[in-house]
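**Student:** quick check, what structure comes out for this input:
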Amino acid sequence: MNPTTAGEPILSLQKLCFTWPKQVCSVLAIEQLQIESGEQLFLMGPSGSGKTTLLGILAGIIKPQQGEVTVLGQNIASLKGAAGDRFRADHIGFIFQMFNLIPYLSVQENVILPCRFSTSRKEAALRQSSELEEEARRLLGHLRLDSKELINKPVVELSVGQQQRVAAARALIGSPELLIADEPTSSLDSEHREAFIQLLFEECALAGTTLIFVSHDTSLAGLFHRTVRLQDLNQAGRENREGESQ
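**Tutor:** I've put the predicted structure just below:
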């Protein structure tokens with residue numbers, strides 16, 4: 001693992017600017033954002049406000065045209081190819097809005113997958129349980145997905161809500177330092193939503209993982225350490241709205 005130096009934020013964003021190709025207006029223009037180690041941050045914004053784009057930048061999947069994005073002391077915008085892939089595999093768990101599960105793998109195999117690409121996450125998982133399969137079942141059990149019949153099913157045979165919970169267990173395994181969750185409760189009913197968020201908090205606290213949780217569901221904001229409204233953070237969004245109103 002690659003912990004931050006004492007007193008440094010786990011994530012720091014400075015003078016970020018991002019515009020999609022062939023577009024005139026910037027999607028994101030953010031002067032500064034800092035997130036402390038162990039923090040549980042709720043990032044709120046309506047659909048189309050640039051939340052998913054920002055998360056892609058924070059994970060190093062999308063490269064900004066300007067600015068610096070530092071995670072665990074590493075400027076991830078400067079990492080290219082295999083180096084960026086390795087950094088994400090070792091340090092970042094990501095719950096994608098569209099899940100991105102491997103359709104031909106079973107539930108258990110999907111959850112274990114990050115440990116196949118990262119030695120450090122494999123070692124962390126084995127500190128929690130004696131085997132990777134046991135650790136996968138432990139996480140799935142929190143989400144009521146640990147029946148023997150279910151864990152061996154291909155994920156394509158699961159409901160949308162079940163697939164969303166599998167994606168969460170996959171992101172959590174191996175205790176990554178940073179967990180990014182993009183609308184992770186959108187397909188869950190109220191009962192499963194509560195269990196899901198409780199799992200996130202418990203596992204993040206256990207591992208010292210920092211959580212960035214993105215949603216448009218304002219009712220969840222009070223559960224988190226801090227809430228950031230993307231509309232307040234994003235100068236480009238304000239300028240675009242002002243231009244539309246004139």
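**Student:** residue 154 bridge partners, please.
**Tutor:** Beta bridges link residue 154 to residue 106, judged by DSSP bridges.
**Student:** you'd agree it is up against residue 103?
**Tutor:** Yes. Using Cβ atoms under 8 Å, residue 154 is in contact with residue 103, at 6.6 Å. For glycine as for every other residue, the C-beta is placed from the backbone atoms N, C-alpha and C.
**Student:** mind listing the strands for this structure?
**Tutor:** 11-18, 28-35, 40-44, 66-71, 74-75, 92-95, 178-182, 210-215, 226-229 (DSSP state E).
**Student:** out of the ones you listed, which is closest to residue 189?
**Tutor:** strand 210-215 (15.3 Å; Cβ to Cβ).
**Student:** convert that closest one to PDB, retaining C-alpha atoms only.
**Tutor:** Taking Å, rounded to 0.1, in the frame of the first residue of the first chain, the C-alpha atoms of strand 210-215 are listed here in PDB:
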ATOM      1  CA  THR A 210     -11.900   6.900   2.300                       C
ATOM      2  CA  LEU A 211     -15.300   6.900   0.600                       C
ATOM      3  CA  ILE A 212     -16.600   9.200  -2.100                       C
ATOM      4  CA  PHE A 213     -20.300   8.500  -2.600                       C
ATOM      5  CA  VAL A 214     -22.100  10.100  -5.500                       C
ATOM      6  CA  SER A 215     -25.900  10.400  -5.700                       C
END
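**Student:** how big is the angle separating it from strand 178-182?
**Tutor:** 10 degrees (axes from the mean of the first three to the mean of the last three Cα atoms, to 10 degrees).
**Student:** so what sits opposite the residue nearest to the spatial centre of the chain in the bridge?
**Tutor:** In the chain, the C-alpha nearest the mean C-alpha coordinate belongs to residue 180, at 1.5 Å (Cα atoms, centre = their mean). Judged by DSSP bridges, the bridge partners of residue 180 are residue 94, residue 212.
**Student:** between residue 154 and residue 103, tell me which one has more neighbours.
**Tutor:** residue 154 (15 against 10; other Cβ atoms under 10 Å).
**Student:** tell me the contacts of the more buried one?
**Tutor:** Residues counted as contacts of residue 154 (Cβ atoms under 8 Å, 6 or more residues apart in numbering) are 103-106.
**Student:** again, but for residue 230
**Tutor:** Residue 230 neighbours (Cβ under 8 Å, 6+ apart): 43-45, 49-51, 54, 237.
**Student:** buried residues in the longest helix seen in the chain?
**Tutor:** Determined from DSSP state H, the single longest helix within the chain is helix 190-207. Under the neighbour-count criterion of 16 or more other Cβ atoms under 10 Å, helix 190-207 has 192-193, 196-197, 199-200, 203-204, 207 buried.
**Student:** export those to JSON lines and tack on pLDDT and distance to residue 116?
**Tutor:** Shown next, in JSON lines, are the buried residues of helix 190-207 (pLDDT from 0 to 100; distance: Cβ to Cβ, whole Å):
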{"residue": "192", "pLDDT": "77", "distance to residue 116": "27"}
{"residue": "193", "pLDDT": "83", "distance to residue 116": "30"}
{"residue": "196", "pLDDT": "83", "distance to residue 116": "24"}
{"residue": "197", "pLDDT": "87", "distance to residue 116": "27"}
{"residue": "199", "pLDDT": "83", "distance to residue 116": "22"}
{"residue": "200", "pLDDT": "88", "distance to residue 116": "23"}
{"residue": "203", "pLDDT": "87", "distance to residue 116": "20"}
{"residue": "204", "pLDDT": "91", "distance to residue 116": "22"}
{"residue": "207", "pLDDT": "87", "distance to residue 116": "19"}
